[in-house]
Structures are given as structure tokens and as C-alpha cells.
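1. Got a sequence here, can you model it:
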Amino acid sequence: MKRLYSSLKSKAMICGKNGLLFIVDGVLINAAIILTTGAFISGFFVHLQAPDFLVGLINTANVWATIFALTSFYIFNRIKKTKRFLILTNVVSRSIICSVIALPHFANRGGLTPYYAATMVIVGNLIWSVYNVGANIWLMASIPREERTPFIYMRFLWLRISFTLTSVVMGFVLDAFGGGLIGFTVVFSVSFILSISDVLVLLKIPYVSGEGKNVNTMTPSLLAAPFKNRTFRNFLIFSALFYMSYYASSAFTSLYLIKYMGFSYKVISIILVLTYTVMIVSTVFWRNFEKRKGIIPAFKISAIILALEQLIYGFLFRGNVIIPFIAAFFGGVGSAGFNVIVFNYRYSVMPEDNITNYETWFMVVHGTGILLGPIVGNLLRPALIPLLKGAAWISEFQAMYFIASAAAIISVFFFVGKRMEKSINVNK
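-> Numbers count the residues shown, from 1 in each chain. Got it, this is the predicted structure:
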């Protein structure tokens, strides 16, 4: 561990002490978030006897809630003590989300309890969406532009290691308690402790804004600038279509595995570990691939591989345990590149003096696409049942995986190319 820490510190110190602290921040907060999202939050709502649509909606609440980032236009233009505001929103958001575990201790499962819990999770994530805009700007403004790409790849590598270890350990802990309330209480409590530890780290990092102090980002020309920028506009359209397609099926994967396929939390944890391990290993590959071939080819290929994860889930039948592991491999490889490249790409085309509006509009469009995903999936899936009567081998869940994957891949071929190549200035 001492050697590991020394290696991390020496590389992170390229960007000074703040670089190291931002990596520690990423390690802590991502470990905390992973315990209140995905299979953990889905399993908790299944435990609360929530309906399927609510489980799917909450499973992606942490990402579609970014639509509330629209308020960031006004907020960050008005407040003066930005760091204090960010710390406050961080604490409030994480406290609300983690305290959802208290509900079943005082109320019965079923009935209105899942809806009270859902309200808390959604409110907490809405607050987090505002924090996330400011936190991303804080991070990127603190790192010299020429060092951003290698630093972001390195930071993503370490935070992936952190939530991989956290997922597998807490997955086994949850299984040890039989997937019951005590197990979920331990999981959410650990998440809260990690969240508070993250805040203590953030308090040590000086706040830096990416914009001039005299710039009024609320002026109409600056508010509309992201849509007048043709390159960024195409990126926004692609983001909306891809995320909507992907999450039309992905939002229900945890539910599908737990409720309909009968997978234990231990097996799901192992699947997640495979995904995250492949992500960790593939991070270096994508960094080198982007450096050699360019960001657009890396963008396109990683997005297609990620979409293939959903296609593979379409071949999952009850008792067939190998399919999720194959899907996990594709999901790990694809997301290892896609998530970092989306981050690097948008900051490469954002003007430094209007970064708040560009980042806010991305968050809004990104969140809208992800919110529409489970809604579209929930509406389309039942409509497929009459069409599948003559095909007993395929369920509506499987059909939805095929459709979602095809739609996502089409959006990649249509938008990721010349439409998004202009004005890119990525430092490699």
C-alpha cells in the first residue's frame, strides 16, 4: 500500500498538491456514490417492494437528475462564496440520499414507503446535479489545460479502482446479511462515512473558477452560445439520443437480474467487479489509442462497444450465467474509453470564458436523455408483448435490449464523425 500511495502521489503531484487532493476526492466520493446507485439502490427498492418502473427510474436518478443543473445559470452567477456553497450542497445531497435507509426502520415495506424513499433519492440527486456542475469546473480550472487529458485519465483510473473494491466488498457484506435491511443499513452507512471524508478533503483545496470575475454568464448571447456552436450542438444532440437509447434498457438491468433472473447480490457483485476491472485495465489502452488515432475515432469505437453490452444482454435467459459476464466485458471496455472521452471532448470545445453555460447545458441534455430512457423503455416494453407471442424464446426485456442497442449504434454512426470534428483542440 505504501508503494501504491507513493506511485499515486508522484504522478498526481505533476499538477501540484491540488492534483493529488482531487484524486483522493474522486476515490472517496465515487466509492460513496456507487453504494447508493446501481444494484445497491435497485436492490433496496426491490426490498421495499417498489413497482418495476420506480426501480428503473431510481436506478438512474443520479444521472438523469442533472436536468436540474439548469438552475446553475443563475446560481453560479449570483453567489460569491462558491466553495462554501459547493461544500454545503455536497453535504446536504449526500445526507438526504444516505438517510433514506431510515425509512423502512419506521415504516412497513410496500404502500407509500417506496415513494417517500424515491422522493428523498430524487431530491438528493437534484441538489447533487448543481454541485456537480460547480465541482467539474473547479476541477478543470485547477488543472493546466495542457495537462488535463493525462490527468483526467489518471484520476478516472484511480476512482475506478476505488469503486471496484468498494462494490465487491459491500456486495459480499450485503449477501452475508441475506440482502436484508441490516445489510442495506451497513451499505448506506459506509456510503455516508465516505461522503463526509470527501468533504474533509475538499475543504483543503482552494477554489478556482474557470471564468473571469467580471463575466456575466446570464447574458442572452452567452446563454445561447452552446447551441450556436455547431460542433457542440451536434455533440449535445448525440448525447441526448445515445443516452436515451442506452438507458431505455440499461436502467432496468439491475431489476432484471435481481427480480426476474434470480441472481444473488454476490454474483452481481462479481459481474460488477469484472466490469470495473476491465475498465481499469482498458483505461491505459484508451489513453494510448486516443493519443495515436485521435479523439473522434476513440469516441466512436468506445461508444459502439458500450452499446454492444446491451445487445449481449438480449441473449440472457434464466439460468444462463455466462451472458452477464460477456456483457460486463464489453461494458467495461466501452465505458473505460467513452466516459473519459465524453469528459475530455466537451472541455476541449468549451471556451474558457463561458464554461459554466456549456457545462450546464451538457448536464441538462445528458440528464434529459437519461430520464427519457427508462420512460421510453417502460412504455415500449409492454407494447412489444403482443408482437412477441409467436417468438417464445424472447421476452420483452430481451427485445428491448436489441432495440436499444441498435438505436444507440445508429446515433454513433450518424453524429460521431465530421459533425463533431471541427474546432477540437485536445492536448495529447
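2. In three-state terms, how would the nearest residue to residue 387 once chain neighbours are set aside be classified?
-> Counting by C-beta to C-beta, 6 or more residues apart in numbering, residue 387 lies nearest to residue 399, which is 7.9 Å off, once chain neighbours are set aside. Any C-beta I mention is one placed from the backbone N, CA and C, and that applies to glycine too. Using DSSP: H, G, I helix; E, B strand; the rest coil, the structure places residue 399 in helix.
3. Over to residue 281?
-> Going by three-state DSSP: residue 281 is helix.
4. need the next SSE after whichever strand or helix holds residue 23, C-terminal direction.
-> In this structure, residue 23 sits in helix 16-34 according to DSSP states H and E. Downstream of helix 16-34, the first helix or strand assigned by DSSP H and E is helix 38-47.
5. quick one: that following helix to helix 16-34, angle?
-> Following axes from the mean of the first three to the mean of the last three C-alpha atoms, to 10 degrees, one obtains 30 degrees for the angle between helix 38-47 and helix 16-34.
6. Which neighbouring elements make contact with the helix or strand that helix 38-47 is followed by?
-> Sequence order places helix 52-59 as the next helix or strand after helix 38-47, per DSSP H and E. For helix 52-59, the elements it packs on are helix 38-47, helix 113-142, helix 253-255, helix 355-384, judged by 3 or more C-beta pairs under 8 Å, 6 or more residues apart in numbering; DSSP states H and E.
7. if I pick the most centrally placed residue in the chain, what's in contact with it?
-> Nearest residue to the geometric centre of the chain (C-alpha atoms, centre = their mean): residue 63, 5.7 Å. With contacts defined as C-beta atoms under 8 Å, 6 or more residues apart in numbering, residue 63 is in contact with 243, 247, 366, 367, 370.
8. Tell me the predicted confidence for the nearest residue to residue 76 once chain neighbours are set aside.
-> Nearest non-adjacent residue to residue 76, counting by C-beta to C-beta, 6+ apart: residue 356, 5.3 Å away. Per-residue pLDDT puts residue 356 at 77.
9. What distance do you get for residue 356 to residue 238?
-> For residue 356, the distance to residue 238 (C-beta to C-beta, to the nearest Å) stands at 22 Å.
10. Could you report the pLDDT at residue 217?
-> Per the predicted model, pLDDT is 49 at residue 217.
11. got it, and residue 58?
-> What the model reports for residue 58 is a pLDDT of 87.
12. How about residue 422?
-> pLDDT for residue 422: 54.
13. now the angle between helix 113-142 and the helix or strand harbouring residue 182, please.
-> Using DSSP H and E, residue 182 falls within helix 181-202. Interaxial angle of helix 181-202 relative to helix 113-142 (the same axes, to 10 degrees): 20 degrees.
14. Contacts for helix 181-202, please.
-> The contact list for helix 181-202, computed with C-beta under 8 Å, 6+ apart, reads 21, 24-25, 28-29, 31-33, 35-36, 40, 43-44, 47, 86-87, 90-91, 94-95, 97-101, 104-105, 166, 170, 173-177.
15. could you flag which of the residues you listed are buried?
-> Neighbour counting by 16 or more other C-beta atoms under 10 Å classes 21, 24-25, 28-29, 31-33, 35-36, 40, 43-44, 47, 86-87, 90-91, 94, 97-98, 100-101, 104, 166, 170, 173-175 among the contacts of helix 181-202 as buried.
16. in stretch 282-295, what counts as buried?
-> Neighbour-count burial for stretch 282-295, counted by 16+ other C-beta under 10 Å, picks out 282, 283, 286, 287, 289, 290, 295.
17. pLDDT value on the second one, please?
-> You'll see residue 283 listed with a pLDDT of 85.
18. swap in residue 213?
-> 46.
19. okay, and for the stretch 301-428 of the chain, where does confidence drop off?
-> Applying pLDDT under 70 to the stretch 301-428 of the chain picks out residues 390-393, 422-428.
20. how far away is the residue nearest to the centre of the chain from residue 251?
-> 9 Å.
21. again with residue 18
-> As for residue 18, its distance to residue 251 is 36 Å (criterion: C-beta to C-beta).
22. So between these two, which is more surrounded?
-> residue 251 (30 against 19; other C-beta atoms under 10 Å).
23. returning to that earlier point: which residues does the residue nearest to residue 387 contact?
-> By C-beta under 8 Å, 6+ apart, the residues touching residue 399 are 314, 381, 384, 387, 388.
24. Let me see the contact set for the third one.
-> Residues in contact with residue 384, defined by C-beta under 8 Å, 6+ apart, are 396, 399, 400.
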